[in-house]
Structures are given as structure tokens and as C-alpha cells.
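> next one to model:
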Amino acid sequence: MSRVIELYEKHLNPSLTRLQRLLGLDLVEKAARGCWIFTEDNRAFLDFLGGYGVFSLGHCHPRVIAAVKEQMERLPLGSKMFCHEPAALLAEKICATLPPVLNKVFFCNSGAEAIEGALKIARLATGRKKIVAMQNGFHGKTLGALSVTGRDIYREPCMPLLPEVYHIPFNDLARAVEVIDRKTAAVVLEIVQGEGGMRVADFWYLRELASHCRSQGALLIIDEVQTGLGRTGTFWAFEQAGVLPDLITSAKALGGGVLPAGAILAREEIWQIFEENPLIHTSTFGGNPLACVAGIATLQVIEEEGLVESAAVLGQRLKTNLLQLTAGFAQIIKEVRGLGLMLGLELVDEGFGGYLIQALLNRGVLVGTTLNNTRVIRLEPPLIISNEEINLFLQILEESLNEVVKEVEEDA
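Sure thing, here's the model as predicted:
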């Protein structure tokens, strides 16, 4: 056994490490470039998991690495007493991707932090306490984020969580209208439930939901931690639905796959809370110069390399090919769904997941399941994925599905 694995099992998470060993994932990654991960035993893996949305630019994008190296020599962290240029420029650049009314930013370090801040800001801005979230939604595992995450297996051991949080069925407008009232501070949801199984909200539902929130004075928080920055084929997923959120959370890909970075984006009037108390919400490391230059480089690369358009075109091509391919494996694959390069394969039986993940891994492809729905295999390759790499994935997937069919028949 590798000494790294031994130390993980001794000091980090023994149970998880044992599970990794059982699944053949007890590997030590030593380097990564583009869409490929390399392990210490000299194996190469085509990354179709993408760090759950972190590696939109692939691994070690040279533009992001260069920006971080240059900033490292000058001002890696700020004093927090003065202003610094990278935060100002990143704020300007990210706001330029949004409708003009969304022009305020708070920088943090992760998606969970962004959700925590958004919930706090919504309560402060409205003077209300009630929060409405979606069943099977996922927003993180810190206390506030866990309160709006819609899976009991993670919530129940930590009870009591935040009070006055209500979970309703995703895509159920009648129930939303029934629950969202004038006591509601905010409604929080994802356009695509990533951990919930790549379930896409109906766009008409989102528009009606946004309208009802406005009528009740409730703020609409769209969690774009996984879906944002081009992943779904538009820069922000909410653009496709034609809705205008009050608050947006962003993270994962914002750091370019190099540094942790997160952001809360908001309408100008919501920022009145900072007029009353400018220190009402702060972060020691949020908006640090290193993370900000990584974010600036990330947005530049997305724009200059046309990655939003690529996600739309390649995502549609991948989805079309998956639909054609999986039609011949109806006994294994129930459905293909998602937007852009954020796709899911729902399995007929949860037990097939281990077979398929292992078969793909043995052939050099990395995928995983969605956290709240382990019947769904998630496909989130970097947005820089090439047609040749997509072809390779499809070829290996077909081989792997044939293997799974044989294994299932032998076990029957």
C-alpha cells in the first residue's frame, strides 16, 4: 500500500479511504494537464468528472498558472486594511457578465461560504427568517448550507439546523405557491440539480417561481456554483430560463482549477445592509489577490477561447451521441439528461453504478455518481475537451457498458 494512502487512512478519513480502496480509487494523483490526470503508478485518466465542476478550464491552465505566479511575487495576500487592484478588476469583470442591476459582489472561498453569506444577506435585507429550499438540492455541508441541502442522510445527524427552513419538491409550482409567502426571506435553488441527479428545472416553472417570489417580496437565490461560468452552454444557467435572480452564488470554476474562489453577486438595493454596517459580513481570505488574479485569468480564458459556445456545441453533440449509444443498453441506462457539458446518465438500477464506474476506470476514464442520487453517473468534463477526447470517451463507454451487461447477466 502507498504511504500516502496509509497516511490518509491514519490521519484523514479512514472510512472514506477504505471505501476508495474497495472501489479501486486508492490511487495517488501526482500531476494533471488539460483533461488528463496522472497517478504515481504512471496511469493516465481522461477526466470526465472535472472536480464536480471545478476544472472547467482543465487542469493547470497555463494562463491561470502564469497569473498566479506573477501575483505570488508581489502581493499574495492583502492586508485587509487597504484596497487591492485584483479584487476591483475581478468585480468589474464578473459584473460585466450580468444584467446591470446585478452589480454588487462579495468574494469568499467556496460555494458553501457563498450560500452561507447569501442566506445571511437575504435575512438581513428582508428582515424575515423563513427560507424555502428544494428537495434533493445541494448547497454544501456547513451548518447554514446544510440547512438548505435537501437530503436527510446528511441533515438528520446534525439536527437542529437553522430554524424556519422548508423543503419543497423541485419543479412543483403549486407547492411553491403554497409555501412561499410574505414571511419568506428567500427561495434558494439550482437551475440544474447537480448532486440531485442532473435534474433540469423546467424554464416555465422558473419564470413563474420568480414572479411569485416578487409578488411576495421574497428574494430569489440562484445557486450557480456548478452551473455558472459557461458549464451549461450560457455563461449563467439562469439566462436560459429568462429569469432574473436577486442573489447568485458562484465558486468551483471561478478559481480556474488552481485556487479556491467564491462569490456572492447581488442586486444593488440588497447591498443597503452594508451601508448600515459595512462590517456586517466579512472574510479574512475571501477576495485575496491570488484568488482574484486566478478569477480574472479564468474569465479571460472563457471569453477568448469561446468556452461558453464550446460547452453548448460540444454538450449537444455529446448528449446526442449518448442518446444514440445508450439506446442499445436500455437494460442499463434509463435516461440521459442535463444541459451543456453538465450531463447525467440515470441507471436502471443503483447497483449498476459500481460496475460501470469500475469498468470505465479500468479503461482510463474517471467519472462518479451524484451525491444525492447515486443512480446517476455524472459527466462534467472540462470545457476545453476536444472532439477527439469525446470520441475516445464514447468508445470506452460502449466497451464498458458491454462489460456491465455481461457482469449483470452472470450475476443474475
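
> residues in contact with Gly287?
Taking CB atoms under 8 Å, 6 or more residues apart in numbering, we find Gly287 in contact with 78, 87, 90, 106-108. Yep, even glycine has a C-beta here, placed from its N, CA and C like the rest.

> typo on my end, Leu90
105, 107, 287, 292-293, 295-296, 299.

> now do the contacts for Ile37.
29, 31, 44-45, 47, 59, 366.

> adding pLDDT and neighbour count, write those residues out as a markdown table.
Putting those into a markdown table (pLDDT from 0 to 100; neighbours: other CB atoms under 10 Å) gives the following:
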| residue | pLDDT | neighbour count |
| --- | --- | --- |
| Glu29 | 96 | 14 |
| Ala31 | 98 | 12 |
| Ala44 | 98 | 13 |
| Phe45 | 98 | 21 |
| Asp47 | 98 | 23 |
| His59 | 98 | 22 |
| Leu366 | 98 | 19 |
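
> show me where the stretch 151-300 of the chain has strands.
Counting by DSSP state E, counting those that start in this stretch, the stretch 151-300 of the chain has strands at residues 165-168, 184-189, 192-193, 199-200, 219-223, 247-250, 262-267.

> JSON lines for those strands, including mean pLDDT and mean neighbour count?
Shown next, in JSON lines, are these (pLDDT from 0 to 100; neighbours: other CB under 10 Å):
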{"stretch": "strand 165-168", "mean pLDDT": "98", "mean neighbour count": "18"}
{"stretch": "strand 184-189", "mean pLDDT": "98", "mean neighbour count": "25"}
{"stretch": "strand 192-193", "mean pLDDT": "98", "mean neighbour count": "26"}
{"stretch": "strand 199-200", "mean pLDDT": "98", "mean neighbour count": "22"}
{"stretch": "strand 219-223", "mean pLDDT": "98", "mean neighbour count": "28"}
{"stretch": "strand 247-250", "mean pLDDT": "98", "mean neighbour count": "28"}
{"stretch": "strand 262-267", "mean pLDDT": "98", "mean neighbour count": "26"}
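
> shaky segments in the protein?
1, 412 (pLDDT under 70).

> how is it divided into domains?
3-61+307-411, 62-304 (automatic domain parsing).

> endpoints of the longest one, how far apart?
Across domain 62-304, the straight-line distance between its terminal residues is 14 Å, by CA to CA, to the nearest Å.

> in this structure, which helix is the longest?
Using DSSP state H, we find that the single longest helix of the chain is helix 387-411.

> what's that helix packed up against?
Contact analysis of helix 387-411 by 3 or more CB pairs under 8 Å, 6 or more residues apart in numbering; DSSP states H and E lists strand 44-47, helix 307-326, helix 352-362, strand 365-366 as its packing neighbours.

> any chance of those in TSV, with distance to Arg3 too?
Below are those laid out as TSV (distance: least, CB to CB, whole Å):
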stretch	distance to Arg3
strand 44-47	21
helix 307-326	38
helix 352-362	22
strand 365-366	23
